[in-house]
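J.: coords please:
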Amino acid sequence: MIDFIFPKTGESLAENNGKLITPSGKEVPVVRDIPRFVPQDNYASAFGLQWKAFRLTQLDSANQSNVSLERLERCLGATISSLKSKSVLEVGCGAGRFTELLVKSGAQVHSVDLSVAVEANKENIGNVSNYRIAQASVYELPFPDNAFDVVFCLGVIQHTPSSEKTIESLWKKVKPGGLLIIDHYRWRLSYYSTLKPLYRHYLKRLAPEISKRKVDKLVDFFFPLHWKYKNNKIVWWLIHRVSPLIEYIHEFPEWSFEEQFELSRLDSYDSLTDYYKHLRTPSQIRSQLIKLGGKNIWIEKGGNGVEARAIK
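T.: Below is the predicted model of the structure:
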């Protein structure tokens, strides 16, 4: 496993009285067995509440599906068994939908998240020898540059202050010959043809606990309509003009009403309360990877919008 460093100085860290301390005396608190390189409250606080409230919802092991596995392997371009013994950095780990798969692959997994979702992640994964977790910023990752065989960042970059700066920060941690795997919301005019931006403009300004209650009420009201009219194309289209919900009724038709309802609660809250939401075209993502010197670049529309990988 790769040891933590103090991001601002690159100094090594050693455990001492429940903290991580550098030779010069700089300290990193350890809370609930998780190093905290950032304050626990930050712009990702809503995500922290989200993943603690929906700790198991997206885990393949909990919902008895392969949704996360299929997405992970599609972005990797190989089976996860190919990651065995490789050093892997997972940035924006959330509650662990991908973490559990990376750990099971036998990779040496180093997971970080800006929010207190790290607590849900650790609760889901437990104490295993090939897993390490920390609360940290993508802009000050507590690892040396050029350290990892694979760096994953899925479902995250669009929620950071700068997509391009975030991709560059991730790229620095990839070994020469290593692989960066990312995705990003895709720019599309249709996003602005609904009322979702107006809902979000209001909800993202509220305290996470308040915004969650309001989103729950929206799902309680709108989701039964989505479900009732799922086979009526005209009414379905009209509902989507005014409803802010994210749902997957047609993507996962085998899922029950209750499973779909829970997933809609999760992703609607995610979509309506994120502090930052950037949209990028496939060509913009490709241009950034080319700028960084990426080779064998793969870009596809899919998943969150744009999926990409490149070799350093």
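J.: List the beta-bridge partners for the residue nearest to L289 when sequence neighbours are not counted.
T.: Leaving out its chain neighbours, the residue that sits closest to L289 by C-beta to C-beta, 6 or more residues apart in numbering is A310, at 4.5 Å. (C-beta placed from N, C-alpha, C; glycine too.) A310 has these beta-bridge partners by DSSP bridges: L180.
J.: Tell me who's in contact with A310.
T.: A310 sits next to L179, L180, L289, L292, G294, K295, N296, I297, W298 when contact means C-beta atoms under 8 Å, 6 or more residues apart in numbering.
J.: Quick check on those: which are buried?
T.: L179, L180, L289, L292, G294 (16 or more other C-beta atoms under 10 Å).
J.: and the gap between the fourth one and K312?
T.: Applying C-beta to C-beta, to the nearest Å, one obtains 8 Å for the distance of L292 from K312.
J.: Give me the contacts around the helix or strand containing P35.
T.: If you go by DSSP states H and E, P35 is part of strand 34-35. The contact list for strand 34-35 (C-beta under 8 Å, 6+ apart) reads F4, L20, V28, P29, V118, E119, K122, I133, A134, Q135, A136, P142.
J.: Would you mind listing the two of the contacts of A310 that lie farthest apart?
T.: Taking C-beta to C-beta as the measure, the contacts of A310 reach their widest spread between L292 and W298, a distance of 14.7 Å.
J.: which stretches of the protein form strands?
T.: For the chain, the strands defined by DSSP state E cover 14-16, 19-21, 27-31, 34-35, 87-91, 108-113, 131-135, 148-153, 174-185, 295-302, 305-311.
J.: any idea which helix is longest in this protein?
T.: Counting residues, the longest helix found in the chain (DSSP state H) is helix 208-228.
J.: Tell me which residues of that one come out buried.
T.: For helix 208-228, a neighbour-count test (16+ other C-beta under 10 Å) marks P208, S211, K212, K214, V215, L218, V219, F222, F223, L225, H226 as buried.
J.: Could I get the contacting residues of the fourth one?
T.: K214 is in contact with L203, L206, counting by C-beta under 8 Å, 6+ apart.
J.: cutoff 7 Å now
T.: Contacts for K214 (C-beta atoms under 7 Å, 6 or more residues apart in numbering) come out as L203.
J.: ditto for the third one
T.: Applying C-beta under 7 Å, 6+ apart, one finds that K212 lies in contact with L49, A53, Y269.
J.: run the last query once more with 10 Å
T.: By C-beta atoms under 10 Å, 6 or more residues apart in numbering, the contact set of K212 is A46, L49, Q50, A53, L203, L206, R265, Y269, L272, T273.
J.: how much space between the second one and Y192?
T.: Counting by C-beta to C-beta, the separation of L49 from Y192 is 27 Å.
J.: Those two: which has the busier surroundings?
T.: A direct count of neighbours by other C-beta atoms under 10 Å for L49 and Y192 places L49 higher, at 20 against 9.
J.: what do L292 and K312 both touch?
T.: Between them, L292 and K312 share the contacting residues W171, K172, V174, L180, judged by C-beta under 10 Å, 6+ apart.
J.: Mind putting the buried ones among the contacts of A310 into CSV with pLDDT and distance to T99?
T.: CSV is the format used below for those (pLDDT from 0 to 100; distance: C-beta to C-beta, whole Å):
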residue, pLDDT, distance to T99
L179, 98, 18
L180, 98, 18
L289, 98, 24
L292, 98, 25
G294, 97, 25
